[in-house]
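*Asks:* Quick one, what's the 3D model for this:
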Amino acid sequence: MNTASISTTEMAYVDRGAGLPVLLVHGYPLDHTMWAAQIDALSGRARVIAPDLRGFGRTPLGQVDPIRGLSMEQYADDLVELLDALAIREPIVLVGFSMGGYVAWQFVRKHADRLRALVACDTRAAADTEDAREGRLKMAQHVAEWGTARVAEMMGPKLLAPQSFATKRDVVEAVRRVVEGTSPAAIAAAQRGMADRPDATDLLPKIDVPTLVIVGEHDLISTQSEMESIAQAIPGAGLAVISEAGHMAPMENPEKVNEALRRFLDAVGEDATARA
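*Replies:* Prediction:
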C-alpha cells in the first residue's frame, strides 16, 4: 500500500491502473480489502483508488472528538484531500459501500464538482431511527470493554446472506478478521458519526451525475426495497440486484458486482467521449 499525508493523518491507499479515476470507499467496520475483487477486475480499464478511511486498516485514526466522533462529512473531506495529494483534478467515479455510501452523500453535497459518476452500494439515504441511533451510541460507549470479537459476532449475521455461512467460508472468515482487527476507538468514532449523520433523502432528486445503485438480494441492512426507492429517487439511476448475496455483495458475489460496475464504467466513459 501507499500512504499520503492529509491534514488529519497519513492515509493508506491502493492505487492501481490508469485512466478514469474510480474511488472505492469501504464500509464499517472494514477496510479497503473488501474491494480486492473489484480492484483486480477494474484496474485494467480505470485508475482504481481504494483507501482505508481514518482508523480503519492501515490509516491511523488521528485526533477525534470523543463525544461526536467522526462525521460523514469529515470522511468525505479526507477523500478530497487524498485526491488532491494524488494530483487528481478530473472528476471521479465514487463507489460507496454501506457507510461509504453515507460518506458519498456528503461528498455529493459538498464536493459535487469533483464527481463524474456515483455508485451507491448496499447503503441507505435515510437517517437512523431513534432506536438505531441509541444502538450505535451504546456500541460506541461499550466497545472498548466488549472487544472487537463481540462486534464481529454481533454483526456477522447481518452482513452476510445465510447461505454464505455454508458456502463461502473464506468470505465469512475474511470479514471476521477485518472486524476483529479494527480498533475500538475507530469503531466508536464511526458509530457516533453515523448516529448523527443527516438524512440524505432530500439530496437524491438533485443528483445530476450518472448513478448506479447496487444491492444484494438478501441484504438485511439496506434492503432491496429500500435501495429500489433510492434508485427511483435519483434521476436516471440504474439498479443492479446481486443474486446470492447479502449486505456484503462485493465480496459474496464479486463476479456479478464486477459485471455491473464494468457496464456502468463503460457507459460513463462513452458518455464522456460523446461530450468531448
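*Asks:* Packing partners of the strand or helix carrying residue 135?
*Replies:* Here residue 135 sits within helix 130-146, counting by DSSP states H and E. In terms of contacts (3 or more Cβ pairs under 8 Å, 6 or more residues apart in numbering; DSSP states H and E), helix 130-146 is packed against helix 184-195. In short, each C-beta sits where N, CA and C put it, glycine included.
*Asks:* Next secondary structure element downstream of the helix it packs on?
*Replies:* Next along from helix 184-195, by DSSP H and E: strand 211-216.
*Asks:* Partner strands of that following strand and their direction?
*Replies:* strand 115-121 (parallel), strand 238-242 (parallel) (DSSP bridges).
*Asks:* Please name every helix or strand in contact with the lengthiest helix in the chain.
*Replies:* Using DSSP state H, we find that the single longest helix of the chain is helix 254-275. With contacts defined as 3+ Cβ pairs under 8 Å, 6+ apart, the packing partners of helix 254-275 are helix 36-42, strand 92-97, strand 115-121, strand 211-216, strand 238-242, helix 249-252.
*Asks:* Residues touching that helix, excluding its own?
*Replies:* 20, 22, 37-38, 41-42, 45-46, 93, 95, 116-117, 119, 121, 210, 212, 214, 238, 240, 242-245, 249-250 (Cβ atoms under 8 Å, 6 or more residues apart in numbering).
*Asks:* Just the buried residues from the residues you listed, in ChimeraX please.
*Replies:* This is how ChimeraX selects the buried members of the contacts of helix 254-275, with burial counted by 16 or more other Cβ atoms under 10 Å:
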select :20,22,38,41,42,45,46,93,95,116,117,119,121,210,212,214,238,240,242,244,245,249,250
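*Asks:* Burial check on residue 177, number of neighbours?
*Replies:* 12 (other Cβ atoms under 10 Å).
*Asks:* just to revisit the earlier point, out of the strands paired with strand 211-216, flag the one nearest residue 71.
*Replies:* Closest of the strands paired with strand 211-216 to residue 71 is strand 115-121, at 18.8 Å (criterion: Cβ to Cβ).
*Asks:* on that earlier part again, same list, the helices and strands packed on helix 254-275, but as a markdown table with distance to residue 163 and mean pLDDT please.
*Replies:* A markdown table is the format used below for those (distance: least, Cβ to Cβ, whole Å; pLDDT from 0 to 100):
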| stretch | distance to residue 163 | mean pLDDT |
| --- | --- | --- |
| helix 36-42 | 18 | 98 |
| strand 92-97 | 20 | 98 |
| strand 115-121 | 20 | 98 |
| strand 211-216 | 11 | 98 |
| strand 238-242 | 13 | 98 |
| helix 249-252 | 9 | 98 |
